[in-house]
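Colleague: structure of the sequence below:
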Amino acid sequence: MACYNAKESAVKIRVDGAFLEDLVPENQHIPLKLVFSGIYMSCKGKTILKDVCGRAEPGELLAIMGPSGSGKTSLLNSLSGRTPIDKGAITLNGKMLNKDLKRHIALAQQQDLFMPNLTLGYTLKFYSQMRLPSSMTDEQKTDFKNRIASLFNLDNPVLLKTNMGDVLKRGLSGGEMKRANIACEMFSMPSLLLVDEPTTGLDSHNALNVIRVLKDYAVNNHTTVVVTVHQPSSMMIQMFDKLLLMAEGKVAYFGNRADVIDKFAELGMIIEPHYNPADFIVDQLYDSEKLEKLTAAAQESRERELADKPSTVTMQTIMNGSRNGTHSVVKNSYHNSLTENNDKWAVSSFKQMRLLWKRSFTDALSRIMTTVNWIHAILLSCVVGSLWYRIPRTEENLSSIGGRMFFTSTIWLLTAVFETMTLFPSERAVINRERASGMYRLSAYYCAKMIGELPSVVIFPTVFHTISYLTFAPLNVTTFLCHWGILQLSILVSQSVGLFIGAVCQDVRKGPVICSLYSLPTILFGGYFVSSIPYWLSWLRYTSTVNFAFNAMEIVEYVYGNPIKCAAENSIYDACRVGNATFIPPSDIIKTREDPFLRLWIDILVLVFAFILFRVLGYLVLKFYKSPTRTI
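Modeller: Numbers count the residues shown, from 1 in each chain. Sure thing, here's the model as predicted:
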């Protein structure tokens, strides 16, 4: 493969024996030396990490190994700055971890979270456009994206057209999802790359290839790479520069990978011939007596291991600096290049919103433009059209005319609120992961989602309204368009409510219950089922969005629609019974409602207010309630 030429940088990635030079300017990639000392962490009274120390140099691959539950993932999260620590210090090039330094860190989490309805090709394109700096052209970003895909064997044309999928929808395999997860993190060109269980779900061949890519990436880019692995193969362990062995939240060994077998032998733990070193190492951690020896030996050699170079920050120096509120400065070759970076985001707010809008729109189309949804909309409209087909506009049929309007305003309320509520929790997990990595502003996502979800509001309700209305009565353009507008507005309100509930209730089992508590009362107090509400409950009608939508539809239907003919006998309207009128005055029909003062414009304003209110509440919940962890 030919070399990728660029004038601005010398950062390279090996691809099939050749090199891929990065187009990111040099100030975007700063070699970082990681040192962490005396890390303690607890959760709900349980100590997870106990005096954990270690370091990794630029160009090195540090592997954190240990049994399940040993604290590997917790340590990785703390190194990324996403999980707070109780005690200890984490420094990069001698500086305490802060927001500016965190922008140079990428964390590929163990859980692979993506939009399930989007293809792999679209996902890679989105992440490359969002994460690569604006100094690169779109052509350069595309070329870089293609080469990253090639690195992880994700460039197969069929694979690129495959949906990401999830537990409910078939898509990429677990191994392909894992490789895509790491590839998307590499688009940020991190100086410190943290990868949690990169070999999970991969066969031995692909697992070895992933570690080889990470190793080459560390060496060729002068990048610090830290991975957690459970039990690597004998070939894989040879690629690690340093090992950090953990058990029960404590350090059992930290040092060069080449020295670990000799260190174990000094403590009387001698490996047998033809024994996989990785299996041997991890097996010793399950023996409590051997583990006690290892942790004691690690404690004795800790200061020496952390102080084996003049440029290294000792644990005592870091701890003193942390307690005094000062930063321990290391004067090495990397520190002088570590400058403040005022560009918090890789791309502008406008481009963030544009990219997020395209993704939301593409996801919405792929989700709703299905055969089932088309059948649902057309079949439902045909059933409604058949039931209310050309009903005579007479006084005797006023109840049926009102029933059709009420059904229209409620059926799409239920559809919108439940659909939005059930879909959002899974999407929120993706958004939280992306926000925690600093990809974009929450405001950009929120605005883009509101615009991108419009197809789900417009397409099928419009199909339903067109068919059902034209079969209901002869076309009256004014009432047709006004009813359509009120319907769209009421659906937007219901979507906003569903979004708010979905943001609050992350447990999908609780969401439907909350939706029922909202939707059933708002339907009951909608003004159709009960004509006379007890005075001590009458205030609840003002909390019902159905009440305002239904009232608005009634006003439009009777004021601007075709007139309603008086009953031949026993009319309940004075204009018909006493005044011998042929048609019922619209004002008389509207006055049969208990709230005659609610005019059309008030109903519309209330619905608009409800839309804005729940959208703002949804944003505030996402912003402040169980938001993604950003401790730095």
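
Colleague: contact partners for the closest residue to Phe583 other than its chain neighbours?
Modeller: Spatial nearest neighbour of Phe583, excluding adjacent residues (CB to CB, 6 or more residues apart in numbering): Pro563 at 3.8 Å. Bear in mind the C-beta positions are built from the backbone N, C-alpha and C, glycine included. Residues in contact with Pro563, defined by CB atoms under 8 Å, 6 or more residues apart in numbering, are 393, 583-584, 586.

Colleague: quickly name whichever of those residues is closest to Ser134.
Modeller: Pro586 (58.1 Å; CB to CB).

Colleague: would you confirm that the closest one contacts Asn562?
Modeller: No: using CB atoms under 8 Å, Pro586 makes no contact with Asn562, being 10.9 Å away.

Colleague: higher neighbour count, the two?
Modeller: Set side by side, Pro586 and Asn562 show more neighbours around Pro586, with 17 against 13, by other CB atoms under 10 Å.

Colleague: show me what contacts the more buried one?
Modeller: Counting by CB under 8 Å, 6+ apart, Pro586 makes contact with 558-559, 563.

Colleague: where's it relative to Tyr528, distance?
Modeller: Pro586 sits 18 Å away from Tyr528, going by CB to CB, to the nearest Å.

Colleague: doesn't Ser37 fall inside a strand?
Modeller: Yes: looking at Ser37 with DSSP: H, G, I helix; E, B strand; the rest coil, it is inside a strand.

Colleague: is it true that His104 touches Pro190?
Modeller: Yes: the pair His104 and Pro190 qualifies as a contact (CB under 8 Å) at a distance of 6.0 Å.

Colleague: for Ile459, the count of nearby residues, please.
Modeller: Neighbour count of Ile459, defined by other CB under 10 Å: 17.

Colleague: with adjacent residues omitted, what lies nearest to it?
Modeller: Leaving aside its chain neighbours, Ile459 sits nearest to Ile368 (6.9 Å; criterion: CB to CB, 6+ apart).

Colleague: tell me the contacts of the one you found?
Modeller: 455-456, 459-460.

Colleague: go on, Lys125?
Modeller: Counting by CB under 8 Å, 6+ apart, Lys125 makes contact with 142, 145.

Colleague: where do the strands sit along the protein?
Modeller: For the chain, the strands defined by DSSP state E occupy 12-15, 18-21, 34-43, 46-56, 61-65, 87-92, 95-96, 105-108, 192-196, 224-229, 242-247, 250-256, 564-565, 583-584.

Colleague: which one of the ones you listed is the most hemmed in?
Modeller: Of all those, strand 224-229 carries the top mean neighbour count, a mean of 26, counting by mean count of other CB atoms under 10 Å.

Colleague: ok, that strand: who's next to it in the sheet?
Modeller: strand 61-65 (parallel), strand 192-196 (parallel) (DSSP bridges).

Colleague: redo the ones you listed as TSV? Include mean pLDDT.
Modeller: Below are these laid out as TSV (pLDDT from 0 to 100):
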stretch	mean pLDDT
strand 61-65	91
strand 192-196	91
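
Colleague: next, format the ones you listed as CSV and append distance to Leu132.
Modeller: Formatted as CSV, the strands paired with strand 224-229 follow (distance: least, CB to CB, whole Å):
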stretch, distance to Leu132
strand 61-65, 24
strand 192-196, 15
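
Colleague: compare the ones you listed and give me the one nearest His483.
Modeller: Across the strands paired with strand 224-229, His483 has its closest neighbour in strand 192-196 (52.9 Å, CB to CB).

Colleague: check contacts around Pro425.
Modeller: Shown in contact with Pro425 (CB under 8 Å, 6+ apart): 502, 505-508, 511.

Colleague: actually Arg615, not the one I wrote
Modeller: 446, 450, 496, 499 are the contacts of Arg615 under CB under 8 Å, 6+ apart.

Colleague: residue ranges with poor pLDDT in the stretch 251-400 of the chain?
Modeller: Within the stretch 251-400 of the chain, the ranges that satisfy pLDDT under 70 run 303-344.
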